[in-house]
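# okay, predicted coordinates and the sequence, questions at the end:
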Amino acid sequence: MFHPERSDISIKISIIKCKQQYFRYHKYQLLLKFLFFGKILATFYIMERQNYKNHRKFYPPHHFIYLPLLILLEVFGIYKIFNDEPDTLTWILFSIVIFLIFYLAIMVRQHYALGLQNRLVRIEFKQRYFEIFNQRSDEVEKKLKFDQIAALRFAYDNEFKELLYRALHENISGDKIKKSIKNWRADQHRI
C-alpha cells in the first residue's frame with residue numbers, strides 16, 4: 001500500500017543527506033581557504049584537475065612556515081657568529097642545534113612518509129597489473145625502476161598498457177612517462 005507521508009519523509013531525508021554531504025565538502029574547502037590565506041595556498045590541498053604540472057603536493061605549515069622559519073634562524077645564527085664576537089661559541093651552538101632540527105624535520109618526515117608511500121605504490125602497481133593482465137607482476141616489476149612504476153600510476157588503463165610496454169622495451173624514464181600521459185589519472189591521496 002502506498003503511503004504519501006512516508007514517501008514525503010524519505011524524500012526529505014534524502015535531500016537533507018545530500019545537503020549535509022555538500023556542506024561537509026564545501027565547509028572544508030572554505031576552512032582551508034580561510035586558514036591558509038586565500039585560494040593560492042588552499043589549491044595545494046584541493047586540486048581542481050590534477051596533471052603533470054600540479055601533481056606535487058605541499059603541506060603549507062611544514063613547507064611554508066616551519067622550514068622557512070628554521071632557515072631564517074640558521075641564517076641569523078651564522079650572521080651572529082661573525083658579528084657578535086663575545087658570544088661566538090653560543091651562536092655556533094645555536095646554529096648547530098637549528099641545523100640539526102632542520103635536518104631532522106626534513107629527514108624524519110620524508111623518510112617515513114615516502115618509504116610507506118613507495119611500498120603502497122608498488123602494491124598498487126601489482127594489483128593493477130593483475131587486474132589488467134590477469135597475471136602476477138613479479139618479473140615485470142623487477143625490470144622496472146621505481147620512478148617508472150610511480151609514473152605509471154598516473155595513466156588510465158589503456159595508456160598504462162602502452163606506457164608499460166615502452167618502459168620495458170625502450171627504458172623511458174619516469175618523467176618521460178608522466179609527460180607522455182594524455183589523460184592524467186589524478187592521485188589525490190598523496191602525502
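Nice, I can see it.
# ok, longest helix in this structure?
The longest helix of the chain (DSSP state H) is helix 88-133.
# just list what that helix packs against, helices and strands only.
helix 67-83, helix 138-143, helix 146-152, helix 157-169 (3 or more Cβ pairs under 8 Å, 6 or more residues apart in numbering; DSSP states H and E). Every C-beta, even on glycine, is put in place using the N, C-alpha and C of the backbone.
# what's the most buried one of these?
Most buried of those, by mean neighbour count (mean count of other Cβ atoms under 10 Å): helix 146-152, with a mean of 21.
# to Arg119, which of the helices and strands packed on helix 88-133 lies closest?
With Cβ to Cβ, the closest approach to Arg119 among the helices and strands packed on helix 88-133 belongs to helix 146-152: 10.6 Å.
# tell me the gap between that closest one and the middle of its chain.
How far helix 146-152 lies from its chain's middle: 15 Å, per Cα atoms, centre = their mean, to the nearest Å.
# and that helix, C-alpha only, in CSV?
The C-alpha trace of helix 146-152 is given here as CSV (Å, rounded to 0.1, in the frame of the first residue of the first chain):
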residue,chain,number,x,y,z
PHE,A,146,60.7,2.8,-9.1
ASP,A,147,60.3,6.1,-10.8
GLN,A,148,58.8,4.2,-13.8
ILE,A,149,56.3,2.3,-11.5
ALA,A,150,55.4,5.6,-9.8
ALA,A,151,54.8,7.4,-13.1
LEU,A,152,52.6,4.6,-14.5
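# quick one: mean pLDDT over it.
The pLDDT scores in helix 146-152 average 95.
# just to revisit the earlier point, go through the helices and strands packed on helix 88-133 and name the closest to Arg109.
helix 67-83 (9.9 Å).
# what does that closest one contact?
Contacts with helix 67-83, where a contact means Cβ atoms under 8 Å, 6 or more residues apart in numbering, come from 87-88, 91-92, 94-95, 98-99, 101-102, 105-106.
# now the residues you listed: which count as buried?
Buried members of the contacts of helix 67-83, counted by 16 or more other Cβ atoms under 10 Å: 91, 94-95, 98, 102.
# pLDDT for the residues you listed - can I get that in CSV?
As requested, the buried ones among the contacts of helix 67-83 are exported to CSV (pLDDT from 0 to 100):
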residue, pLDDT
Trp91, 97
Phe94, 98
Ser95, 97
Ile98, 97
Phe102, 95
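# moving C-terminal from the helix or strand bottoming out on mean pLDDT in the chain, which element do we reach first?
Counting by mean pLDDT, DSSP states H and E, the weakest-scoring helix or strand in the chain turns out to be helix 39-42, with a mean of 43. Next along the chain after helix 39-42, taking DSSP states H and E as the criterion, comes helix 60.
# could you list the low-pLDDT ranges of this protein?
Within the chain, the stretches with pLDDT under 70 are 1-48, 190-191.
# again, only this time at 80
Scanning the chain for pLDDT under 80 picks out 1-50, 54-59, 109-112, 188-191.
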